[in-house]
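[1] could you look at this predicted model? Sequence included:
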Amino acid sequence: QVRLVESGGGSVQAGGSLTLSCTASPRPDRTPYMGWFRQAPGKEREFVAAIDWSGVSRTYADSVRGRFTISKDGSKNTAYLQMNELNSDDTAVYYCAADRSRPIVRPDYPYQYWGQGTQVTVSS
């Protein structure tokens, strides 16, 4: 059973940076699409960013475009979310998702693999 293990969350001041990691273990039998969602207290889960299986195509929510960068290292089965210029609106639990055949887009879709979530807190 493939598991997604997330790391890199924490607390940071506004304007700061964090990098989240999401590692699939063991290696899936097919390179998956991977992406990130987040859920703030009292709000619904929302899409943040996604990357296709080849690592070429990347999509971002309007709220993070230009500040966040998603990437992946196929040799490590790991996706990364580099987050810069963080502000209080970015405070949330961030979840990694992966799927062998479906692009990561909808926060309410039952993708094959989910991470446990990692807390990101931005203080002003």
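    In hand now; what should we look at? Note that the structure is a prediction, hence the values are computed from the model and not measured.
[2] got a list of what Ala24 touches?
    Applying C-beta atoms under 8 Å, 6 or more residues apart in numbering to Ala24 gives the contacts Val2, Arg3, Leu4, Pro32, Met34, Asn77, Thr78, Ala98, Tyr113. Bear in mind the C-beta positions are built from the backbone N, C-alpha and C, glycine included.
[3] now do it against Arg106, distance only.
    Taking C-beta to C-beta, to the nearest Å as the measure, Ala24 falls 20 Å from Arg106.
[4] nearest spatial neighbour of the residue at minimal distance from the centre of the chain, skipping sequence neighbours?
    Centroid-nearest residue in the chain, with C-alpha atoms, centre = their mean: Trp36, separated by 2.5 Å. Closest residue in space to Trp36, ignoring its immediate chain neighbours: Val48 at 4.3 Å, by C-beta to C-beta, 6 or more residues apart in numbering.
[5] what's around the one you found, how many residues?
    26 (other C-beta atoms under 10 Å).
[6] verify the contact between it and Ala61 for me.
    Yes. Between Val48 and Ala61 a contact is recorded at 5.5 Å, counting by C-beta atoms under 8 Å.
[7] before we move on, back to that, for the helix or strand containing the residue nearest to the centre of the chain, packing partners?
    Element membership for Trp36, per DSSP states H and E: strand 33-39. Other helices and strands packing on strand 33-39, by 3 or more C-beta pairs under 8 Å, 6 or more residues apart in numbering; DSSP states H and E, are strand 18-25, strand 46-51, strand 68-73, strand 78-83, strand 92-99.
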